[in-house]
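# Here's a sequence, model it:
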Amino acid sequence: QVQLSESGGGLVQAGGSLRLSCAASGRTFSTLAMGWFRQAPGKEREFVAAINWSGGITYYADFVKGRFTIARDNVKNTVYLQMNSLKPEDTAVYYCAADRTVRDTVGGYAYWGQGTQVTVSS
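Now for the predicted structure:
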């Protein structure tokens, strides 16, 4: 079992930045691939970014490339999502997820956090 807990969401103006954190406990964090997803009201949950167990491989959705950065600290058992140049359309609940293999699909992750709200005002 893996327990995930996100933090760092909030309200920010367009063009601003936020850093989300996801703390993991349970299974050995350094063996897990981690992903960030988001879900806006009335929309399906979508992939944002993912990172493999070592941090050496990362993937991003096209709409966040150049603005968001995923990183991990295997000592602190935490994965981060640095979000810069935020836009109103980035408003959503952001979820972190974990599994053995890095993927860009919702179905590819067995473990999920409870989510953290990010709201970007125009």
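
# any idea of the pLDDT on the residue nearest the centre of the chain?
Centroid-nearest residue in the chain, with Cα atoms, centre = their mean: Trp36, separated by 2.5 Å. Looking at Trp36, its pLDDT stands at 98.

# got it, and Thr28?
Model confidence at Thr28 (pLDDT) stands at 88.

# From Ala92, how far out is it?
Note on Thr28: its distance to Ala92, by Cβ to Cβ, to the nearest Å, is 30 Å. All C-beta atoms are positioned from the backbone trio N, CA, C, and that covers glycine.

# do you know how far the residue nearest to the centre of the chain is from Val120?
Using Cβ to Cβ, we find Trp36 at a distance of 16 Å from Val120.

# out of everything not next to it in sequence, what's closest to Leu18?
Met83 (5.0 Å; Cβ to Cβ, 6 or more residues apart in numbering).

# you'd agree the one you found is up against Arg19?
Yes - Met83 is within contact range of Arg19, at 7.1 Å (criterion: Cβ atoms under 8 Å).

# which one of those two has more residues nearby?
Neighbours per residue, other Cβ atoms under 10 Å: of Met83 and Arg19, the larger number sits with Met83, 26 against 13.

# so what's the more buried one up against?
Met83 makes contact with Ser17, Leu18, Arg19, Leu20, Val64, Arg67, Phe68, Asp90, Val118, according to Cβ atoms under 8 Å, 6 or more residues apart in numbering.

# Poorly predicted segments of the chain, please.
The model of the chain has no residue with pLDDT under 70.

# 80 - rerun?
For the chain, applying pLDDT under 80 flags the ranges 27.
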